[in-house]
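Whatever this is, show me its structure:
(one chain, ligands or ions: 2)
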Amino acid sequence: MADKIKDAKIIFVVGGPGSGKGTQCEKVVAKYGYTHLSSGDLLRAEVGSGSERGKQLQAIMQKGDLVPLDTVLDMIKDAMIAKADVSKGFLIDGYPREVKQGEEFEKKIGKPCLLLYVDAKGETMVKRLMKRGETSGRADDNEETIKKRLDLYYKATEPVIAFYEGRGIVRKVDSELPVDEVFSHVSKAIDAL
Ligand SMILES: Nc1ncnc2c1ncn2[C@H]1C[C@H](O)[C@@H](COP(=O)(O)OP(=O)(O)O)O1
Ligand SMILES: [Mg+2]
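Numbers count the residues shown, from 1 in each chain. Ligands and ions are numbered 1, 2, ... in the order given. The predicted model follows:
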């Protein structure tokens with residue numbers, strides 16, 4: 001089974017919280033038939049299930065911290081295997097959050113062919129998240145946790161981008177633009193694969 005995903009196209013979608021990763025991924029799914037796997041959504045689903053593991057995860061996420069690496073990776077891998085037969089490719093959204101996570105992913109699953117870097121200014125991300133928080137019901141869309149998530153993003157995740165830049169697979173899109181314009185740049189990056 002794991003062999004099947006090895007040959008699939010894997011795209012890492014990286015950007016700060018509220019940069020627009022989920023928004024763009026949704027459009028890629030509609031246009032290209034990729035499978036969208038958001039590590040955050042997988043984790044929140046586990047929390048929603050009420051399991052013991054979910055309860056531990058909830059405590060970590062509410063603080064804005066990163067959950068243990070193996071937990072996230074196992075969940076992503078299971079979800080990929082479940083979709084391996086029908087998927088044209090995978091959008092791995094919100095992962096890797098740190099360089100080590102990327103290295104583990106490659107060891108256990110496979111290599112990404114593209115890193116889509118969804119870039120927005122810090123103040124834009126805060127504004128969008130505060131707005132999203134009005135309706136999202138997400139425990140981490142509040143001012144205090146947002147600040148912590150942003151700090152962690154700059155510290156842990158920006159090095160991920162530098163790491164893959166060294167490999168020449170990073171495509172940066174300006175997510176300050178309106179959603180459809182951002183998507184036209186995203187499409188160009190995917191069409192070039
Ligand atoms: N290019 C854009 N222009 C304006 N608003 C955008 C945007 N991209 C996303 N948004 C809005 C939609 C959401 O309410 C909020 C966060 O977007 P999201 O896709 O949920 O971000 P992420 O998944 O990166 O956390 O910002
Ligand atoms: Mg998201």
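
Tell me how many other residues surround residue 146.
By the other Cβ atoms under 10 Å criterion, the neighbourhood of residue 146 contains 21 residues. Any C-beta I mention is one placed from the backbone N, CA and C, and that applies to glycine too.

wait, is it part of a helix?
Yes. According to DSSP: H, G, I helix; E, B strand; the rest coil, the state of residue 146 is that of a helix.

rounded to a whole number, what's the mean pLDDT of stretch 29-37?
Here stretch 29-37 scores 96 as its mean pLDDT.

near ligand 1 at all, it?
No. Interface with ligand 1: stretch 29-37 contributes nothing (Cβ under 6 Å from any ligand atom), its closest point being 10.4 Å away.

Same check on stretch 42-60?
No. Using Cβ under 6 Å from any ligand atom as the criterion, no contacts between stretch 42-60 and ligand 1 are found, and the smallest distance is 12.1 Å.

Pull the residues that contact that stretch.
Under the criterion Cβ atoms under 8 Å, 6 or more residues apart in numbering, residues 61, 66, 67, 71, 72, 75, 76, 79, 138, 139 lie in contact with stretch 42-60.

now, which of the residues you listed lie within helices?
Residues of the contacts of stretch 42-60 located in helices (DSSP state H): 61, 71, 72, 75, 76, 79.

which one of those residues is nearest residue 94?
residue 72 (9.2 Å; Cβ to Cβ).
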